[in-house]
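Chemist: sequence first, then the predicted structure, then my questions.
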Amino acid sequence: MKKSKIIYIVLVVVALIFVAQSVFILDETQQAIVTQFGKPVGEPRTSPGVNVVIPFIQKVQFFDKRYLEWDGDRNQVPTKDKKFIFVDTYARWQITDPLQFFIRLRDERSAQSRLDDILDGETRNAIASHDLLDIVRSTNRDPEVTEDFMEELEVLEDIDVGREAIEEIILQKANERTSDLGVRVLDFKFKRMNYVDEVRDRVYDRMVSERNRIADQFRSEGQGEARKIQGDKERDLAQIQSEAVRQAEEIRGRADAEATEIYASAYNKNRQSIDLYKFLRSMEALENSLDENTNLVISSDSELFQYLKDMQ
């Protein structure tokens with residue numbers, strides 16, 4: 001009894017191993033090929049579900065069905081107009097024919113290495129065949145400017161191809177070279193482009209010089225406008241001061257005339273009072289100094305004689 005039970009258990013284990021070796025499950029993110037003694041047999045398995053193989057003889061090679069990433073190295077590349085720039089690129093690719101992919105490349109690591117050669121080479125060829133202006137710009141758009149910099153704006157040169165068209169050329173050339181590899185490059189883009197250090201320093205110096213030139217021009221125009229405003233201010237100030245002096249003299253003249261008139265009127269009134277006062281004082285003096293026994297001898301030019309003469 002015990003021996004038969006052991007045999008039964010052994011048979012079950014063998015059956016499980018047999019099933020495990022003969023059945024595999026393919027999910028929606030995977031595709032696979034079946035190899036027999038290292039050589040592929042049958043059609044690629046691309047539909048998700050349960051698949052059967054001959055156990056211990058056939059093996060399964062799985063490949064990703066999703067979009068895969070390729071990130072290029074940062075390389076120094078000369079343009080057609082002899083400008084040295086650093087170019088950093090990236091792409092997306094997909095395994096479209098797992099059987100051909102296995103025959104030519106075997107695995108994703110080999111595919112990445114092969115894409116390095118293809119995409120980097122096509123990138124160098126494309127950049128070396130076009131001017132820098134075509135690489136950094138996509139359209140012949142008119143730049144947006146403000147009124148302050150309208151006069152200083154340099155007219156942008158027209159481009160013949162453009163950045164997006166160059167990316168499309170690289171993508172097309174790369175797919176032509178990968179057509180027999182079982183892969184397809186879905187998208188290719190320039191991640192970043194920049195001048196090499198020496199060229200970038202010269203470009204920055206030229207940009208600084210250009211901005212300084214524009215700043216000096218604005219500063220010169222501002223100084224000229226300031227001097228004009230200062231001259232207008234001094235002219236207006238002199239005119240205002242001259243007008244103020246004229247009005248002050250007119251007011252002072254009228255005031256002097258009114259004061260003179262007031263002085264004259266007051267003087268005429270005071271003179272009558274003074275004459276009356278002098279007359280009364282003279283009469284008092286005569287009354288106090290003369291009596292009926294006194295003889296008075298006066299000259300004809302004395303004030304007393306004048307009063308007596310006026311009384312007559």
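Modeler: Done, it's in. None of these values were measured; they are calculated from a predicted model.

Chemist: got any ranges where the stretch 101-250 of the chain has weak pLDDT?
Modeler: 142-156, 199, 203 (pLDDT under 70).

Chemist: what ranges does it have for its strands?
Modeler: In the stretch 101-250 of the chain, the strands defined using DSSP state E, counting those that start in this stretch lie at 183-195.

Chemist: could you pull out the helices in it for me?
Modeler: Assigned by DSSP state H, counting those that start in this stretch, the stretch 101-250 of the chain shows helices spanning 108-128, 132-136, 163-178, 197-289.

Chemist: okay, the angle between the first one and helix 163-178?
Modeler: Think helix 108-128. With axes from the mean of the first three to the mean of the last three CA atoms, to 10 degrees as the basis, helix 108-128 and helix 163-178 are set at 130 degrees to each other.

Chemist: mind giving me the packing neighbours of helix 108-128?
Modeler: Applying 3 or more CB pairs under 8 Å, 6 or more residues apart in numbering; DSSP states H and E, one finds that helix 108-128 contacts strand 68-71, strand 75-78, strand 84-95, helix 163-178, strand 183-195. No exception for glycine: its C-beta is placed from N, CA and C like everyone else's.

Chemist: what residues does the fourth one touch?
Modeler: It stands for helix 163-178. 91, 93, 114-115, 118-119, 122-123, 125-127, 130, 134-138, 184-185, 187-190 (CB atoms under 8 Å, 6 or more residues apart in numbering).

Chemist: residues of that helix that come out buried?
Modeler: Neighbour-count burial for helix 163-178, counted by 16 or more other CB atoms under 10 Å, picks out 163, 166, 167, 169, 170, 171, 173, 174, 175, 177, 178.

Chemist: now the residues you listed as CSV including distance to residue 197?
Modeler: CSV is the format used below for the buried residues of helix 163-178 (distance: CB to CB, whole Å):
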residue, distance to residue 197
163, 23
166, 24
167, 26
169, 28
170, 26
171, 30
173, 30
174, 29
175, 35
177, 33
178, 34
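
Chemist: looking at those residues, which is nearest residue 100?
Modeler: For the buried residues of helix 163-178, the residue nearest residue 100 by CB to CB is residue 178; the value is 10.3 Å.

Chemist: state the distance from that closest one to residue 214.
Modeler: 49 Å (CB to CB, to the nearest Å).

Chemist: what domains does the record give for this structure?
Modeler: Using automatic domain parsing, the domain ranges for the chain come out as 2-64, 68-195.

Chemist: quick one: end-to-end length of the longest one, please.
Modeler: Domain 68-195 has an end-to-end distance of 29 Å (criterion: CA to CA, to the nearest Å).
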